[in-house]
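# Got a sequence here, can you build the structure:
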Amino acid sequence: MLKVANVSKRLGDFTINSINLEVDRGQYFIILGPSGTGKTVLLEIIAGFHHPDKGRVYLYDKDITRLPAEARKMGFVYQDYMLFPHMTVKDNILFGAKKCFPLSDALDKMMRLVDILGIAHLLDRFPLTLSGGEQQRVALARVLIIEPTILLLDEPLSSLDPNSKEALQIELKRIHEKFDTTILHITHDFNEAMSLATHVGVMIDGTLAQTGTADEVFNHPKNLDVASFLGIENIIPGQYVDGTFKCSEQLVFPAPPVNGQDFSYIYFSSKDVRLGSQPGACNCFHGVVTGISLQKDFVCLSVDMGHQIKIKLSHREFSDYPLACGSNIDFHIPGSSLGFI
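Take a look at the predicted model:
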């Protein structure tokens, strides 16, 4: 449906480089990345607000690279909503629709939408009297009413409080399913991506470092930059030696080469490490606790075993073990939790 082919753009001192991206109809595609990495610039190129210096943009196999933004029939929602403060909610929603449909049709579409989004009671209000969540629903109604080919969302939940953010996540998922809308959404929030996305891309330093299904990207990062950005705490260098992956004398994993590739790092989530030894099992290790950090939802242990690793425990698990800094600790790592880069 949407194809971005080898797109590059320089804006001042910032550049996005050779971006290749395909979004199929009906996907909820989220691009993750730290602030300042080029996510919004890419979205604005797709929308037609900027022209690329190099590369092409296609929609349904039609080259739209130089097509004006207003001719692309895409819906764009910025993180600050961009509602007209001097217009009522009703007039904001109808602003673009009146150019696309007869007024009676636009009114019918508006009434269906505001009912679905739960904002019918706000039609005569002005944007400055609305909460952040209400403004977001109005902004969504304003773009959905024109029946866009694709919905482009620029950090749509970033300015909301936790309760409003959770409610809007549910709303976006419902919109995606009810309207069969194709959505391209950018954020730096992993929880948003895991909750909403069917597909994910990771953008780092102006390049699209990895794309795939949400499961592929989160569970199988393809390089060190992606793994680090995704917050995988345990990334340990090593090398294959006689059918094992050796990180140190104490840290050796039975791991034959995968598809003949030569990997330089092993990684595993701190949440997948299990306390206690399993006699005869692989990937059983011994270490010394060097730090304990109590968090709201978990306890994080720092453990020295030739390399420093992190182990996350539930508060209940932690209470079952009399651990302190300097304690010896036995643990094992399931083979299914290991990945290689």
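# Pull out the buried residues from stretch 142-153.
For stretch 142-153, the neighbour count (16 or more other Cβ atoms under 10 Å) marks 142-146, 148-153 as buried. (Glycine included, C-beta is placed from N, CA and C.)
# Please apply the same query to stretch 168-188.
Buried residues in stretch 168-188, counting neighbours by 16+ other Cβ under 10 Å, are found at 168-169, 171-172, 175-176, 181-188.
# Between the two ends of that stretch, what distance do you get?
Using Cα to Cα, to the nearest Å, the gap from the first to the last residue of stretch 168-188 comes to 16 Å.
# hmm, who's touching stretch 80-96?
For stretch 80-96, contacts defined as Cβ atoms under 8 Å, 6 or more residues apart in numbering pick out 106-107, 110, 113-114, 119, 122-128, 130, 135-136, 138-139, 141-143, 145-146, 159.
# What is the end-to-end distance of it?
Taking Cα to Cα, the span from the opening residue of stretch 80-96 to its closing residue is 18 Å.
# One more: stretch 295-303?
Counting by Cα to Cα, you get 17 Å between the two ends of stretch 295-303.
# Please enumerate residues in contact with it?
Residues lying outside stretch 295-303 but in contact with it, judged by Cβ under 8 Å, 6+ apart, are 270-271, 287-293, 308-315, 317-318, 323, 329, 331.
# What average pLDDT does it get?
With pLDDT averaged residue by residue, stretch 295-303 scores 92.
# Show me what stretch 41-51 is in contact with.
The list of residues contacting stretch 41-51 from outside it, by Cβ under 8 Å, 6+ apart, reads 2, 4, 7, 9, 11, 14, 16, 19, 21, 31, 52, 57, 64-72, 74, 76, 150, 152, 154, 184, 186, 203.
# Nearest residue to the middle of this protein?
To find the centre residue of the chain, average its C-alpha atoms and take the closest one (Cα atoms, centre = their mean): that gives residue 193, at 3.5 Å.
# thinking again about what came up before, list buried residues within the contacts of stretch 295-303.
By neighbour count, with 16+ other Cβ under 10 Å, the contacts of stretch 295-303 hold 270, 287, 289, 309-313, 318, 323, 329, 331 as buried.
# Can you add pLDDT, secondary structure and distance to residue 278 and give those residues back as JSON lines?
Output for the buried ones among the contacts of stretch 295-303, formatted as JSON lines (pLDDT from 0 to 100; DSSP: H, G, I helix; E, B strand; the rest coil; distance: Cβ to Cβ, whole Å):
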{"residue": "270", "pLDDT": "92", "secondary structure": "helix", "distance to residue 278": "19"}
{"residue": "287", "pLDDT": "90", "secondary structure": "strand", "distance to residue 278": "16"}
{"residue": "289", "pLDDT": "94", "secondary structure": "strand", "distance to residue 278": "20"}
{"residue": "309", "pLDDT": "92", "secondary structure": "strand", "distance to residue 278": "18"}
{"residue": "310", "pLDDT": "94", "secondary structure": "strand", "distance to residue 278": "20"}
{"residue": "311", "pLDDT": "94", "secondary structure": "strand", "distance to residue 278": "16"}
{"residue": "312", "pLDDT": "94", "secondary structure": "strand", "distance to residue 278": "19"}
{"residue": "313", "pLDDT": "92", "secondary structure": "strand", "distance to residue 278": "17"}
{"residue": "318", "pLDDT": "90", "secondary structure": "helix", "distance to residue 278": "20"}
{"residue": "323", "pLDDT": "90", "secondary structure": "coil", "distance to residue 278": "19"}
{"residue": "329", "pLDDT": "92", "secondary structure": "strand", "distance to residue 278": "14"}
{"residue": "331", "pLDDT": "90", "secondary structure": "strand", "distance to residue 278": "10"}
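# Would you mind putting the CA coordinates of stretch 317-336 into PDB?
In PDB, the C-alpha atoms belonging to stretch 317-336 read as follows (Å, rounded to 0.1, in the frame of the first residue of the first chain):
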ATOM      1  CA  GLU A 317      10.400 -13.900  44.300                       C
ATOM      2  CA  PHE A 318      12.800 -11.500  46.100                       C
ATOM      3  CA  SER A 319      11.200 -12.100  49.500                       C
ATOM      4  CA  ASP A 320      11.700 -15.900  49.000                       C
ATOM      5  CA  TYR A 321      15.500 -15.400  48.900                       C
ATOM      6  CA  PRO A 322      17.600 -13.900  51.700                       C
ATOM      7  CA  LEU A 323      19.700 -11.800  49.300                       C
ATOM      8  CA  ALA A 324      22.000  -8.900  50.100                       C
ATOM      9  CA  CYS A 325      25.000  -7.300  48.500                       C
ATOM     10  CA  GLY A 326      27.800  -9.800  48.700                       C
ATOM     11  CA  SER A 327      25.500 -12.800  48.700                       C
ATOM     12  CA  ASN A 328      26.400 -15.800  46.500                       C
ATOM     13  CA  ILE A 329      23.600 -16.700  44.000                       C
ATOM     14  CA  ASP A 330      22.900 -19.600  41.700                       C
ATOM     15  CA  PHE A 331      20.700 -19.000  38.600                       C
ATOM     16  CA  HIS A 332      19.900 -20.400  35.200                       C
ATOM     17  CA  ILE A 333      18.900 -19.000  31.900                       C
ATOM     18  CA  PRO A 334      16.500 -20.900  29.600                       C
ATOM     19  CA  GLY A 335      18.000 -21.700  26.200                       C
ATOM     20  CA  SER A 336      14.900 -20.300  24.500                       C
END
